[in-house]
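K.L.:
pasting the sequence and the predicted coordinates here, then a few questions.
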Amino acid sequence: MPSIVSKSAETLAIRLLAQGAGVATGIVIARTLGPGDKGLFSYVAAVLGLILTVSSGQSAAVSYQYGRLKIASGTVLHALRRVMVAIAASLALALCVASFALHQPLLLVVAAVFPFALFNQTSLAFPLADGNVRIQNVQNLLLTATFFAAAFVACVIFRANLDVLFACWIGVYAAIAVRSFYISRRYDGPADNVAAAVKRQLQFGTKVTLNQLVAALNYQIDIFIIFAFLGAPALGIYTVAIGVGQMLWHLSQPLASSTFGLVCSGSFERAAELTATCVRHAFTVVGAAALVLFFAGPPLIAAIYGPRFAPAGEVLRWLLPGIIAYCSTPFFGTFMVQQVGKPVVMTVILSVSTLSCAIVTIALIHRFGMVAGAIGTSASYSISLAIAAIYFHKTTKVPMHRLFIIDRRDIRHYVSAFHGLIARVRALKAGALAQ
């Protein structure tokens, strides 16, 4: 547990910096380009996120082969390279064809950035399976911080338009891909029976990709509905609320990254107990933070983003219950996919959630506008959390109260982590004074 606490604290610190850079980028885009262009950029990012689910599938397949089945890294890496080239070429071409067929030039931007984003994501599978979350943390920070710098220079200093911003976005992903290439070379080595590894990666990866695709739709279906029914300016405002709410996600994500390797390669009992611990910590911490954001969020949005984005405050309040559920549910997914090897379970759960979100949002959008998307999102995430918790309980026999109620041992860990943080701060202060 101490190593997990240490990794989680480090991950949280780095991800808060990355989240800060991401929020700052959103502010720059919102204030310089306005709600309309902010909405268009958000739409392109959502499409990229949707098709990047294929990287989640392949990353999970790599982690399962390398971390769980203990197949040599060289074999897994050579298989991954073949799979990535085929996926990148086919999906980029499909996006180009769709761009002309549907008269949506924005899809060309997605086609240009997708190969780099795919490689960046899948290259992290090896170090994550080894329990090395620092590489992922640094890459996320580099990506967001570099794009913030590029967006600030382009939009604030040179008053560039959306097309220039897209060019900067593609360039940043390409630059990070160079770093990802050198990271992946560490795992190169002798390869044996690569064709069989390719087949297994595709089989396992396809199942997980379907799972992640449904999860991405569950996460983003409201974005596409808002864009289709209310247009880009409304989406620009709506995504401000999403961006503020996502800050809470970074309170739970460090736990997910720090425990991924243990859940993947540990015993069934240990993985189940660790999953339950992560769920209740995420539920408690994110719930407390959401309560603060309920009151502080709306006035902060109006002050930081400007009066044009003030309606995002009400959207945020309706999103918060769903965000609490969303931050807790992925731990069940990791357990079912990596430990039990049943990605179809989460696929079914998330399919029900996605359908619920779409039905509620479309039914309410003409009456409540943007708020309908937040209501649908909170309803769907709450449903998925409830179903996942019940299935996990029946599979592992872990009591339900262990999933959502912290105990004295948990409180001791919080106290220990706090004292450790204070000790580090004092040590750094003493070192600075000594110099």
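P.N.:
Structure received.
K.L.:
rest of the way, CA atoms for contacts and neighbours
P.N.:
Will do.
K.L.:
list the buried ones in the helix or strand where Ala234 lies?
P.N.:
In the assignment (DSSP states H and E), Ala234 maps to helix 232-265. Within helix 232-265, the residues that qualify as buried are 232-242, 244-265, counting by 16 or more other C-alpha atoms under 10 Å.
K.L.:
same deal with stretch 141-160?
P.N.:
141-148, 150-152, 154-155, 160.
K.L.:
same deal with stretch 268-279?
P.N.:
For stretch 268-279, using 16+ other C-alpha under 10 Å, the buried residues are Ala271, Ala272, Glu273, Leu274, Thr275, Ala276, Thr277, Cys278, Val279.
K.L.:
so which of the residues you listed are in helices?
P.N.:
Ala271, Ala272, Glu273, Leu274, Thr275, Ala276, Thr277, Cys278, Val279 (DSSP state H).
K.L.:
present those as a markdown table; the columns should include pLDDT and distance to Ala30.
P.N.:
Formatted as a markdown table, those follow (pLDDT from 0 to 100; distance: C-alpha to C-alpha, whole Å):
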| residue | pLDDT | distance to Ala30 |
| --- | --- | --- |
| Ala271 | 90 | 42 |
| Ala272 | 91 | 43 |
| Glu273 | 90 | 43 |
| Leu274 | 89 | 40 |
| Thr275 | 92 | 38 |
| Ala276 | 92 | 39 |
| Thr277 | 88 | 38 |
| Cys278 | 89 | 35 |
| Val279 | 92 | 34 |
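K.L.:
export these to CSV and tack on distance to His393?
P.N.:
CSV is the format used below for those (distance: C-alpha to C-alpha, whole Å):
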residue, distance to His393
Ala271, 13
Ala272, 10
Glu273, 11
Leu274, 13
Thr275, 11
Ala276, 9
Thr277, 13
Cys278, 14
Val279, 12
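K.L.:
nearest to Ser356, of these?
P.N.:
Val279 (22.8 Å; C-alpha to C-alpha).
K.L.:
just checking, that closest one touches Tyr326?
P.N.:
No: the criterion here is C-alpha atoms under 8 Å, and Val279 misses it with Tyr326 at 10.6 Å.
K.L.:
sorry, back to before: how far does the helix holding Ala234 sit from the chain's center?
P.N.:
5 Å (C-alpha atoms, centre = their mean, to the nearest Å).
K.L.:
what about Asp163, how many neighbours?
P.N.:
12 (other C-alpha atoms under 10 Å).
K.L.:
one more: the one 4 residues further on?
P.N.:
Number of residues near Ala167 (other C-alpha under 10 Å) recorded here: 14.
K.L.:
who's in contact with Phe309?
P.N.:
Going by C-alpha atoms under 8 Å, 6 or more residues apart in numbering, Phe309 touches Pro35, Ile237, Val240, Ile301, Ala302.
K.L.:
so who does the fourth one touch?
P.N.:
This points to Ile301. Contacts of Ile301 (C-alpha under 8 Å, 6+ apart): Phe309, Ala310, Ala312, Gly313.
K.L.:
could those residues go into CSV alongside secondary structure and pLDDT?
P.N.:
Formatted as CSV, the contacts of Ile301 follow (DSSP: H, G, I helix; E, B strand; the rest coil; pLDDT from 0 to 100):
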residue, secondary structure, pLDDT
Phe309, helix, 96
Ala310, coil, 96
Ala312, helix, 97
Gly313, helix, 96
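K.L.:
so which of the contacts of Phe309 is the closest to Ile176?
P.N.:
The nearest member of those to Ile176, counting by C-alpha to C-alpha, is Val240 at 25.7 Å.
K.L.:
find the nearest non-adjacent residue to that closest one, please.
P.N.:
Ala312 (6.3 Å; C-alpha to C-alpha, 6 or more residues apart in numbering).
K.L.:
please report the distance of the one you found from Ile242.
P.N.:
Distance, Ala312 to Ile242, by C-alpha to C-alpha, to the nearest Å: 9 Å.
K.L.:
let me know whether Ala46 touches Gln220 as I believe.
P.N.:
Yes: counting by C-alpha under 8 Å, Gln220 is a contact partner of Ala46 at 6.8 Å.
K.L.:
dump the contacts of Phe309 to CSV, plus distance to Asn211 and pLDDT.
P.N.:
Converted to CSV, these look like this (distance: C-alpha to C-alpha, whole Å; pLDDT from 0 to 100):
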residue, distance to Asn211, pLDDT
Pro35, 32, 96
Ile237, 29, 97
Val240, 27, 96
Ile301, 34, 95
Ala302, 37, 94
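K.L.:
would you turn the residues you listed into TSV with distance to Ala174?
P.N.:
TSV is the format used below for those (distance: C-alpha to C-alpha, whole Å):
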residue	distance to Ala174
Pro35	27
Ile237	29
Val240	26
Ile301	32
Ala302	34
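K.L.:
Thr32 - how many residues pack around it?
P.N.:
17.
K.L.:
so of the buried residues of stretch 141-160, which ones are in helices?
P.N.:
Short answer: the buried residues of stretch 141-160 in helices (DSSP H) are Leu141, Leu142, Leu143, Thr144, Ala145, Thr146, Phe147, Phe148, Ala150, Ala151.
K.L.:
mind pulling up the pLDDT for the fourth one?
P.N.:
Here, the pLDDT recorded for Thr144 equals 95.
K.L.:
cool, the last one as well?
P.N.:
What the model reports as pLDDT for Ala151 is 97.
K.L.:
show me what contacts it?
P.N.:
Thr25, Val28, Ile29, Leu165, Cys168.
K.L.:
so which of those residues is the most crowded?
P.N.:
Ile29 (26 neighbours).
K.L.:
how about the closest residue in space to it that isn't next to it in sequence, what does it touch?
P.N.:
Counting by C-alpha to C-alpha, 6+ apart, Ile29 lies nearest to Lys38, which is 6.1 Å off, once chain neighbours are set aside. By C-alpha under 8 Å, 6+ apart, the contact set of Lys38 is Gly26, Ile29, Ala30, Ala232, Pro233, Leu235, Gly236.
K.L.:
of these, which pair is most distant in space?
P.N.:
Across those (C-alpha to C-alpha), the longest gap, 15.0 Å, separates Gly26 and Ala232.
K.L.:
okay, and for the chain, where does confidence drop off?
P.N.:
The chain contains residues with pLDDT under 70 at 1-9, 12, 257, 413-421, 423-425, 427-435.
K.L.:
select the longest helix from it.
P.N.:
Per DSSP H, the chain has its longest helix at helix 2-51.
K.L.:
got the angle for that helix vs helix 232-265?
P.N.:
130 degrees (axes from the mean of the first three to the mean of the last three C-alpha atoms, to 10 degrees).
K.L.:
chain center to the helix or strand that comes right after helix 2-51: distance?
P.N.:
In the C-terminal direction, the helix or strand that comes right after helix 2-51 (DSSP H and E) is helix 53-63. Here helix 53-63 is found 14 Å from its chain centre; the criterion is C-alpha atoms, centre = their mean.
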